[in-house]
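Colleague: build the 3D model from these lines:
(4 chains)
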Number of protein chains: 2
Amino acid sequence: MKDISKAEYEVLNALWEKYPASANDLIATLNIIKPWHDKTVKTLLNRLVKKEAVGFQKEKRKYLYYPLLEKEAYTQYESKSLIERLFSGRVSPLIAGFAKNQELKKEDISQLKEIISQWEKEND
Amino acid sequence: MKDISKAEYEVLNALWEKYPASANDLIATLNIIKPWHDKTVKTLLNRLVKKEAVGFQKEKRKYLYYPLLEKEAYTQYESKSLIERLFSGRVSPLIAGFAKNQELKKEDISQLKEIISQWEKEND
DNA sequence: CACCAATGATTACATTTGTAATCATTGGTG
DNA sequence: CACCAATGATTACAAATGTAATCATTGGTG
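Modeller: As a prediction, this is how the structure comes out:
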């Protein structure tokens, strides 16, 4: 998987939210959260195309872009890379850090319990 | 917190494992896992000094380096940044991804349960 | 003392990334 | 048809990053 930079990720994430999308669609969506010039968005979009994370279909002069890389595949890859790099591949130290720094809510705990419960149903 | 690149992190991680350490100590340690030229390690070390992640004490011509940035602070910051960026600040989707992709072991589950149990003792 | 290797400081260069600007083409409108 | 704005393609430039090389200084040794 080719590396996708943080700025590129923002563009790709906007596309995952809604596609197919034109460059102008994405520029409008991103303008809500990032004060980026439209030229910046177009460049990042073109880099994503070059990296084969995004494809497009021509419709007259307008291009309609769609993701080639799935959000889940990407988030899993990035998560795993970070866990590997920082925690020798173990997820528990990451969660322990969140717990220690009071960054877990009751809702998070419930959700984790649910995931564990489901895992046990499928694996124990 | 100043961004620490992946290569810089490797040097810093070697230092966290054992400090104070000379440049040569680090070069030797890193040589085990990375085929880096010694000049590369020195450059990365100097960049870490510039970023104030690392300090040093002179001992004749030899410098003994030590971390200024704590491993836990860094790993928590990076973890949180990733979770914020990819999962809107929620840890459960990250764990759910690991579960879904069969990347959790029984041992991970035990550890997560322990963390949850501890959290509940301190917060419920 | 002279020499040399060791050590850190500084420089180098290619690639990647962030944030644009400029250029070329082309639909649409008057 | 001419013109112009829209649209994508290409270029630009600074900073960060990866991976070095070169330079300046200085301990240690013969």
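Colleague: find the nearest non-adjacent residue to residue A:20, please.
Modeller: Nearest non-adjacent residue to residue A:20, counting by CB to CB, 6 or more residues apart in numbering or on different chains: residue A:64, 3.8 Å away. The C-beta positions use only the backbone N, C-alpha and C, and glycine is treated the same way.
Colleague: quick one: residues contacting the one you found.
Modeller: Residues near residue A:64 by CB atoms under 8 Å, 6 or more residues apart in numbering or on different chains: A:20-22, A:56-58.
Colleague: am I right that it is in a strand?
Modeller: Yes: counting by DSSP: H, G, I helix; E, B strand; the rest coil, residue A:64 falls inside a strand.
Colleague: any idea of the pLDDT on it?
Modeller: Note on residue A:64: pLDDT of 96.
Colleague: now it: how far from residue A:70?
Modeller: Residue A:64 sits 18 Å away from residue A:70 when distances are taken as CB to CB, to the nearest Å.
Colleague: now the strands for chain A?
Modeller: All strands of chain A, identified by DSSP state E, fall at A:54-59, A:62-67.
Colleague: and those strands, which is most packed in?
Modeller: Compared across the strands of chain A, strand A:62-67 shows the largest average neighbour count, a mean of 16 (mean count of other CB atoms under 10 Å in any protein chain shown).
Colleague: wondering if it reaches DNA strand D at all.
Modeller: Yes: against DNA strand D, strand A:62-67 shows contacts by CB under 7 Å from any atom of the strand at A:62-63.
Colleague: bridged to residue A:65, which residues?
Modeller: Beta-bridge partners recorded for residue A:65 (DSSP bridges): residue A:21, residue A:56.
Colleague: many thanks, I have nothing further to ask.
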